[in-house]
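K.L.:
Using only what follows, build the 3D model:
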Amino acid sequence: MRRRGTGVAFIAISAFLISTKYISAAIFGSGVNSWDEQLFNGMLEYVGNLLSNFSLWSLMIGIGYIIWGEYDEFNTKKQNLDE
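P.N.:
All right, here's what the predicted structure looks like:
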């Protein structure tokens with residue numbers, strides 16, 4: 001897999017992890033009769049920040065890989081034009 005593809009995969013993992021956090025909080029509160037913003041924020045706190053942290057790291061790694069892939073492509077095209 002090339003660097004750009006790897007970057008897109010990491011960004012997809014990031015989206016999966018952040019959605020997992022919200023789905024986990026919703027499943028945790030599925031037995032509640034009435035919903036409000038404070039209750040859902042409490043459920044998000046119960047789930048914790050680990051998924052958010054991993055999602056942020058995965059997003060940064062994915063963006064880094066995409067930038068790296070674009071930089072390599074730019075250098076390759078530049079070398080082909082110089083020849």
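
K.L.:
For the residue most central in space within the chain, identify the helix or strand it belongs to.
P.N.:
Per CA atoms, centre = their mean, the C-alpha nearest to the average position across the chain is that of residue 14, at 1.8 Å. If you go by DSSP states H and E, residue 14 is part of helix 3-28.

K.L.:
what packs against that helix?
P.N.:
Packed against helix 3-28 by the contact rule (3 or more CB pairs under 8 Å, 6 or more residues apart in numbering; DSSP states H and E) you find helix 37-47, helix 50-82. The way it works is simple: take the backbone N, C-alpha and C, and place the C-beta from them, glycine included.

K.L.:
Mind checking the pLDDT average for the first one?
P.N.:
I take that to be helix 37-47. The average pLDDT for helix 37-47 rounds to 90.

K.L.:
which regions of this structure sit below the pLDDT cut-off?
P.N.:
For the chain, the stretches flagged by pLDDT under 70 are 1, 83.

K.L.:
make it 80
P.N.:
Within the chain, the ranges that satisfy pLDDT under 80 run 1, 82-83.

K.L.:
looking at the helices and strands packed on helix 3-28, which is closest to residue 7?
P.N.:
For those, proximity to residue 7 was assessed by CB to CB; helix 50-82 is nearest, at 3.3 Å.
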